[in-house]
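1. how would this look folded up:
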Amino acid sequence: MTPDQIALAVLGGLVVLVIVGALLFVRTGRKNTDAGSSTSAGALTSRGWSGPGGGMSNFIQPPAEWRGTTVQVCGLWPYSIGAGTPMVGVPLGRHIHTGATLCCDPISWFQRAKLISNPSLFVLGKPGLGKSTAVARMAIGLAGYGVQPLVLGDLRPDYVEVIRALGGQVITLGRGRGYLNVLDPGEAKEAAQRLVDAGFEKEAGEVLEDAHGRRLAMVSSLLTILRKSAPSDVEESIVDQALRYLDRHFEGIPVLGDLLRVVQEGPEELRQVAVDRGDFAEYQRITRGLEASLISLSRGGRLGEMFSKHTTNPMRLDRPVVYDISAIGEAEGDLRAATLLACWSNGFATVNIANVLADAGLEPRRHYFVIMDELWRALRAGNGIVDRVDFLTRLNRQVGVGTAMISHTMADLSALPEEDRLKAKGFVERAGMVMCAGLPYTEMPELTSVIPFSEAEQELLTGWQDPPAWDAASGREVDPPGRGKFLVKVGTRPGIPVEVRLTDAERSIRDTNQRWYEQSRTGRRALHVVEELVEEHEERVSS
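-> This next block holds a predicted model:
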């Protein structure tokens with residue numbers, strides 16, 4: 001036989017041996033199975049053979065799970081499945097029931113995933129459950145996507161260290177700490193000139209008109225907060241003409257004192273809208289209330305001088321920004337509300353200018369994530385403030401800007417006057433997505449009148465608002481059951497329950513207890529004095 005024939009014969013013999021061995025193995029296994037089933041009188045179930053000696057398992061170990069991209073796990077099909085939750089956007093947390101990762105932010109869900117109709121978010125929940133923390137997570141993640149976070153009024157502060165860690169700009173405001181000139185057009189004049197030089201005269205005029213409208217709205221808002229009532233139509237017309245007069249005749253950037261001077265002098269343009277019929281004494285009578293209010297705003301009345309001097313730290317277009325207003329105390333509610341409105345106005349104006357310049361090709365396209373925390377404080381400042389907030393949020397023309405409004409409950413909106421209540425609820429209705437933390441039972445009727453929630457979802461939200469339990473072992477309260485847990489709602493779709501857990505890096509920049517880590521030195525001295533008093537007392541008793 002040739003070597004090839006010998007090799008073929010050997011190979012054939014091996015194949016025959018393998019086939020015979022397999023048949024014997026199967027036959028032996030069947031006999032053993034039959035013997036086991038007959039002796040145990042059990043049945044074959046999903047957990048094995050039941051009955052004595054059958055080997056049935058009472059607990060089945062869950063299969064190991066791994067997460068990877070479609071490029072990495074495509075070869076494991078059909079044993080790889082989708083997570084069941086959206087995976088587009090900032091990784092927010094894990095699904096409470098399935099453990100699947102939820103990626104969620106208003107800009108990504110609007111721009112890339114097409115899950116919402118506008119890039120806006122409204123967050124509701126009781127204090128201390130992590131609303132600002134969840135929004136800060138989105139801001140950090142969006143910064144990685146190239147979106148610039150803008151925190152237009154940080155009251156506690158919650159975002160200062162976050163923005164500073166992102167290399168952003170921190171603008172501090174407060175009595176004696178910083179000023180924000182509400183008549184400052186910002187970069188509007190410079191941007192308008194650049195547009196004119198590039199041949200965009202129409203766009204330049206729009207930028208200047210937007211700046212004028214913003215300044216007029218801010219002066220009216222300050223008057224509303226100061227008086228607890230909106231200015232009259234005649235007073236608004238006088239302020240409007242006074243601002244236009246300053247733009248034509250004033251060199252440099254005016255302040256509220258310059259606006260007051262123009263109102264007092266009464267140029268012809270102002271007297272025409274005041275309808276004084278050529279009588280200057282009548283003009284003074286008409287403008288008496290407006291003059292008194294402007295004096296209070298420009299010379300340190302209840303709202304101080306924060307808005308009457310030149311801006312100390314102008315806002316920049318090319319980096320994340322936070323307005324730190326934590327120095328304004330709780331007792332100064334009117335000043336807080338006015339400062340929030342001024343920050344929102346200045347922020348939206350800057351964003352609008354950046355968008356117009358980008359449309360003209362004079363600046364790179366920038367997207368912004370605008371955070372408006374503690375919305376309820378501003379809405380309660382006075383009549384007409386809801387209209388001002390609505391007007392400010394529309395100044396950006398909805399181009400390249402995602403917004404996040406944060407408040408506590410719908411009751412905050414219902415506490416407004418009747419004429420503002422429906423407008424404020426519209427903020428929630430128009431939001432592309434709503435995130436709810438723990439809420440009280442009394443909140444459900446008001447909430448479901450705006451957004452549909454199932455009974456199971458309502459029970460979930462009310463369960464999250466329970467107070468923390470007492471840990472007898474450590475002698476301290478544990479975290480509340482609803483801390484870091486949210487229900488993400490988009491329209492009538494079922495809500496997605498998610499739990500947000502901070503990373504070590506986030507904890508290091510969002511630790512609000514840092515001032516408690518170092519022991520008080522005065523406490524050490526007091527302890528030493530107490531020890532000396534105890535020693536003296538013991539000596540007296542012994543003697």
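2. and the gap between the residue lying closest to P364 once chain neighbours are set aside and Q148?
-> In space, and not counting its chain neighbours, P364 is closest to A358: 6.6 Å by C-beta to C-beta, 6 or more residues apart in numbering. C-beta coordinates here come from the backbone N, C-alpha and C atoms, glycine included. When distance is defined by C-beta to C-beta, to the nearest Å, A358 is 13 Å away from Q148.
3. try V170
-> Going from V170 to Q148 by C-beta to C-beta gives 14 Å.
4. same question, M87
-> 24 Å.
5. out of these two, which sits in the more crowded spot?
-> Just comparing M87 and Q148: by other C-beta atoms under 10 Å the higher neighbour count belongs to Q148, 23 against 15.
6. contacting residues around the more buried one?
-> 168, 318-321, 366-369 (C-beta atoms under 8 Å, 6 or more residues apart in numbering).
7. For Y368, see how far away the residue nearest to P364 is.
-> 11 Å.
8. More neighbours: which of these two?
-> Y368 (26 against 17).
9. For that one, which three-state class applies?
-> Secondary structure, DSSP: H, G, I helix; E, B strand; the rest coil: Y368 is strand.
10. so it makes contact with T403?
-> No - taking C-beta atoms under 8 Å as the definition, Y368 is not a contact partner of T403, at 9.0 Å.
11. if you go through the stretch 1-150 of the chain in chain order, where are the strands?
-> Along the stretch 1-150 of the chain, the stretches classed as strands by DSSP state E, counting those that start in this stretch are 44-45, 48-49, 91-95, 101-103, 120-124, 147-154.
12. Quick one: list the elements packing against the second one.
-> Secondary-structure packing of strand 48-49 (3 or more C-beta pairs under 8 Å, 6 or more residues apart in numbering; DSSP states H and E): helix 3-40.
13. Quick check: chain neighbours aside, which residue is closest to the residue sitting nearest the centre point of the chain?
-> With distances taken as C-alpha atoms, centre = their mean, V135 lies nearest the centre of the chain, 3.6 Å away. Nearest residue to V135 in three dimensions, chain neighbours excluded: A404, at 5.2 Å (C-beta to C-beta, 6+ apart).
14. Is it correct that the one you found falls within a strand?
-> Yes - counting by three-state DSSP, A404 is located in a strand.
15. so R507 sits in a helix?
-> Yes - assessed with three-state DSSP, R507 lies in a helix.
16. measure it to P91 for me?
-> Using C-beta to C-beta, we find R507 at a distance of 16 Å from P91.
17. Who has more neighbours out of the two?
-> P91 (15 against 9).
18. Not including adjacent chain positions, what is the nearest residue to that one?
-> Nearest non-adjacent residue to P91 (C-beta to C-beta, 6+ apart): C103, at 5.3 Å.
19. OK, contacts around the one you found?
-> Counted by C-beta under 8 Å, 6+ apart, C103 has contacts 85-92.
20. rerun at 7 Å
-> Counting by C-beta atoms under 7 Å, 6 or more residues apart in numbering, C103 makes contact with 86-92.
21. Using a markdown table, lay out these together with distance to T311 and pLDDT.
-> Compiled in a markdown table, those are given as follows (distance: C-beta to C-beta, whole Å; pLDDT from 0 to 100):
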| residue | distance to T311 | pLDDT |
| --- | --- | --- |
| P86 | 41 | 86 |
| M87 | 42 | 86 |
| V88 | 39 | 91 |
| G89 | 35 | 93 |
| V90 | 32 | 94 |
| P91 | 37 | 93 |
| L92 | 35 | 94 |
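22. sorry, back to before: identify the contacts common to A358 and Q148.
-> Joint contacts of A358 and Q148 (C-beta under 7 Å, 6+ apart) are R366.
23. now the contacts of C103: which count as buried?
-> 86, 89-90, 92 (16 or more other C-beta atoms under 10 Å).
24. Determine which two of these are furthest apart.
-> Based on C-beta to C-beta, the longest span within the buried ones among the contacts of C103 runs between P86 and V90 and measures 11.0 Å.
25. Which of the residues in the helix or strand V196 falls within are classified as buried?
-> Assigned by DSSP states H and E, V196 belongs to helix 188-197. For helix 188-197, a neighbour-count test (16+ other C-beta under 10 Å) marks 188, 191-192, 194-195 as buried.
26. Stretch 242-257 now?
-> 242-243, 245-246, 250, 254-257.
27. if we can go back for a sec, which is the next helix or strand following the helix holding V196?
-> The C-terminal neighbour of helix 188-197 among helices and strands, as given by DSSP H and E, is helix 201-227.
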